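A.B. asks: any chance you could fold what I've pasted below:
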Amino acid sequence: MFLPPVDSPLYQYALLPLAIFCARVIDVSLGTVRVVLLGRGMRLLAPVLGFFEVLVWLLAIGQIMQNLSNWICYVAYAGGFAAGNYVGLWIEARLAMGLSLVRIVTARDASRLKRFLHKAGYRLTAVAAQGAYGPVEVLFTIIRRRHLSRVERVIQRYNPRAFYTVEDVRFASAAGVPAVSRRGEVARARGIIPRRKGK
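C.D. replies: Predicted structure coming up:
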């Protein structure tokens with residue numbers, strides 16, 4: 001494979017800035033995911049990501065220090081930082097690791113919603129409460145983040161006017177978090193959980 005000499009314009013103003021940009025995207029992406037994992041209490045994986053994050057950063061900053069007169073490298077460095085934040089958040093959203101608390105507030109009868117969520121394999125806690133305009137029912141359930149879109153579709157189908165919020169959960173005992181694997185798949189096959197359009 002042909003590589004231009006390091007003192008050539010092609011290397012100095014194209015390949016080197018591109019390499020710095022890619023390195024920054026990688027190390028900032030790792031850093032973004034690492035911070036999110038720390039916030040979720042995943043203390044084993046976060047240090048591993050931190051090791052590679054710093055290693056890649058050292059390679060990038062080393063090239064910057066060796067080419068202080070090359071302003072294109074500065075632009076690539078900053079651009080890689082900006083792009084890395086976006087890529088890191090995209091990766092974290094795709095991984096969907098951790099747990100979420102779904103809080104559902106409804107003023108109407110929630111028996112159908114509770115029944116279908118239970119059939120889908122989710123555990124619920126229901127509390128009677130008083131809202132601004134009268135009595136309401138508040139439902140709580142702890143789910144795995146990868147199941148969030150599934151639960152949202154159930155809410156929208158069986159109680160579309162319900163108000164709900166989603167919060168990250170740092171820790172929950174294993175007894176309170178169902179796997180929702182076999183029962184969830186059976187529920188989807190029976191039409192309890194609607195499938196996504198186009199699939």
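
A.B. asks: can you give me the strands in this structure?
C.D. replies: Across the chain, reading from the start of the chain, the strands by DSSP state E fall at 99-106, 125-131, 134-144, 163-169.

A.B. asks: which outside residues touch the last one?
C.D. replies: What it means is strand 163-169. For strand 163-169, the surrounding residues in contact (C-beta atoms under 8 Å, 6 or more residues apart in numbering) are 39-40, 98-106, 142, 148, 152, 155. Quick note: C-beta positions are derived from backbone N, CA and C, even for glycine.

A.B. asks: and the first one, by the same measure?
C.D. replies: Defining contact as C-beta under 8 Å, 6+ apart, one finds that strand 99-106 is touched by 40, 110, 113, 129, 131, 136-145, 148, 151, 155, 159, 161-169, 171-172, 177.

A.B. asks: coming back round to it: farthest pair in the contacts of strand 163-169?
C.D. replies: Set against one another by C-beta to C-beta, the contacts of strand 163-169 have their most distant pair in G39 and T106, with a gap of 29.7 Å.

A.B. asks: have a look at those two and say which one is more surrounded.
C.D. replies: T106 (19 against 12; other C-beta atoms under 10 Å).

A.B. asks: which residue is the nearest non-sequential neighbour of the more buried one?
C.D. replies: A162 (4.1 Å; C-beta to C-beta, 6 or more residues apart in numbering).

A.B. asks: surely that neighbour and I155 touch.
C.D. replies: Yes. Between A162 and I155 a contact is recorded at 5.7 Å, counting by C-beta atoms under 8 Å.

A.B. asks: mind listing the shared neighbours of these two?
C.D. replies: Counting by C-beta under 8 Å, 6+ apart, the residues touching both A162 and I155 are I104, L113.
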